[in-house]
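> My questions concern the predicted model and sequence given below.
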Amino acid sequence: MFETAIAQLRFGMSMALGTRFHVPSIDRILAAMEETKREFGALGEDADEMLSGPVLDEATRTEVQLRRFRRQARRAVDETDYYARMFGDSGLNPDALEAADLASLPTTTKEALRTEPDAFVARSARPVLRATTTGTTGRPASVYFSEHELAATASLTALGFANHDQVEPEDLVVVSMSPRAQLVVSGISRACAKIGALAQVVGILEPEHTLALLTEPRHLDGRRGRVSVLATYPSHLGELVEHGLACGLGPEDFGLRQIMTGGEMLTAGLRRRCHELFGEHVRVGQVYGITELAPFGGNLCSQGHLHFEPSGGLVEVQAIGERRPADPGELGTVVATPLPPYRETSILLRYDSEDVVRRLERPPECELRALPATSHLRGKLSMGVRHDGGWTFPREVAEALEGLDHVPLPARHGFWQLEGGVAVEVCARRDSAAARRAIGEALEAAGVPVRRLTLTDDAAQLERPRPLRCDLKQYVFDGRPSLRRAPAAAEEAS
């Protein structure tokens, strides 16, 4: 049975690299995986490698991706208004592009996509969904998807969930994300349905409401007794940790085994404090994905690299402010091209995500070393501050703050340029000498050149707060929910 599942996985990947996904074939692979896991347990590392696509040496991978890029570029010129104009202006022939030509091809900017989203839609496509970004970093951008793309994305998401034991048929899954992120919410829900798990989409509620859902006992045959999987943003997870610990809740009050995060940066401090509330056994993971590039994205390895699946698209790191690839060890932005058969409706070539990473200085030696990799995300370029010592990005500041008990979660703060460094404002539990000393030392250790530090115990007093997705709240009308702790063993016995 195991050999059969692996053979089907190989077949599925070969189908995926063709002109179009065959969704029923992907679903048969998923069914075979679930049957194998029921009989033999987890599929193991071999299956993980199959799902990660064929392992190619760098030269072969470059040539394969370049051929696919040319094919997508030709379709973009023939079928979209935007790229017909762009290639006409550049004088480049999409059928003759070489690897060295890519850097001379203009990047597609977020502003261009915001301004005329229809100009990127292939005329032969049949869009059924116009998905938008959440708009936390600026005016929302829109991307179109066909029903086939949505179905294929759900099937591939389900494959990933099943292979990594993130979602199982017995799971109760709460999706606590903004409904404005319709693409990811729909993808998770449809993937859960394919696996047989029960999903509940609740949006971003006040933390006490979400905690009530997570602690509520459930009584469904064949399901776990409480919500076992949570999908949310790191900032809302921070709210849950802060409120839950303040209410005296602990691991015994929950049934979570998996927390999946995305859309923002998950810090080491948040992860540590998350385990205090939910338990050390809970797996807390993060993926990189944005609506504009979906379903192409990245996964973190055990060493903190961000790895990109080459069958899904071509990823580049472009030097900040320059039209050239970043050098090893240099900061740059993620520039990516979702490649066919992953994208057929909104075509984007060399899309500048504005997400800052550092190009690795040497090839990685981690468990995902066969896949292209960068450093972990540093934050949006527009949120970075340039100063005499280089750059400060949200990652450094958030990592420093969320590791401190002096700072409530999520860390609400702002920072901006001052002569010789940055000014930092932080919402702390209290403005005390101990808090100032601890926060200042943590920022200094993170390499943040603080020239002025302002503390407040009221987030509303922050001058330039960073936007957080937990503030995209949905409100309810039935009052505050009742948070009930699980009875202790002695109480149950009595």
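Received, thanks.
> thinking Q72 is in contact with L339, fair?
Yes. If you go by CB atoms under 8 Å, Q72 and L339 touch, sitting 5.7 Å apart. Glycine gets a C-beta too; all of them are placed from N, C-alpha and C.
> Could you list the low-pLDDT ranges of this structure?
For the chain, the stretches with pLDDT under 70 are 1-56, 478-494.
> Go again with 80.
1-58, 135-138, 341-342, 476-494 (pLDDT under 80).
> List the buried residues in the longest helix along it.
Identified as the longest helix of the chain according to DSSP state H is helix 58-79. Using 16 or more other CB atoms under 10 Å as the test for burial, helix 58-79 gives 61, 64-66, 68-70, 72-77, 79.
> Now do the contacts for A96.
With contacts defined as CB atoms under 8 Å, 6 or more residues apart in numbering, the neighbours of A96 are R70.
> Show me what the longest helix of the chain is packed up against.
helix 81-90, strand 313-319 (3 or more CB pairs under 8 Å, 6 or more residues apart in numbering; DSSP states H and E).
> and those, which is most packed in?
Highest mean neighbour count among the helices and strands packed on helix 58-79 (mean count of other CB atoms under 10 Å): strand 313-319, with a mean of 22.
> packing partners for the next helix or strand after that one?
As assigned by DSSP states H and E, the chain's next helix or strand after strand 313-319 is strand 331-338. When contacts are defined as 3+ CB pairs under 8 Å, 6+ apart, strand 331-338 sits against strand 313-319, strand 351-358.
> Tabulate the ones you listed (CSV), appending distance to R114.
Below are these laid out as CSV (distance: least, CB to CB, whole Å):
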stretch, distance to R114
strand 313-319, 20
strand 351-358, 12
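> Same list, the buried residues of helix 58-79, but as JSON lines with distance to C470 please.
Output for the buried residues of helix 58-79, formatted as JSON lines (distance: CB to CB, whole Å):
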{"residue": "R61", "distance to C470": "38"}
{"residue": "V64", "distance to C470": "41"}
{"residue": "Q65", "distance to C470": "37"}
{"residue": "L66", "distance to C470": "41"}
{"residue": "R68", "distance to C470": "38"}
{"residue": "F69", "distance to C470": "37"}
{"residue": "R70", "distance to C470": "42"}
{"residue": "Q72", "distance to C470": "36"}
{"residue": "A73", "distance to C470": "39"}
{"residue": "R74", "distance to C470": "43"}
{"residue": "R75", "distance to C470": "39"}
{"residue": "A76", "distance to C470": "37"}
{"residue": "V77", "distance to C470": "42"}
{"residue": "E79", "distance to C470": "39"}
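> what about A400, neighbour count?
28 (other CB atoms under 10 Å).
> cool, and E419?
Counted with other CB under 10 Å, the neighbours of E419 add up to 7.
> returning to what we had before: would you mind giving the orientation angle of the longest helix of the chain with respect to helix 81-90?
Counting by axes from the mean of the first three to the mean of the last three CA atoms, to 10 degrees, helix 58-79 lies at 110 degrees to helix 81-90.
> Beyond the host helix or strand of L211, next helix or strand please.
Using DSSP H and E, L211 falls within helix 207-215. Counting by DSSP H and E, the element after helix 207-215 in chain order, helix or strand, is strand 229-232.
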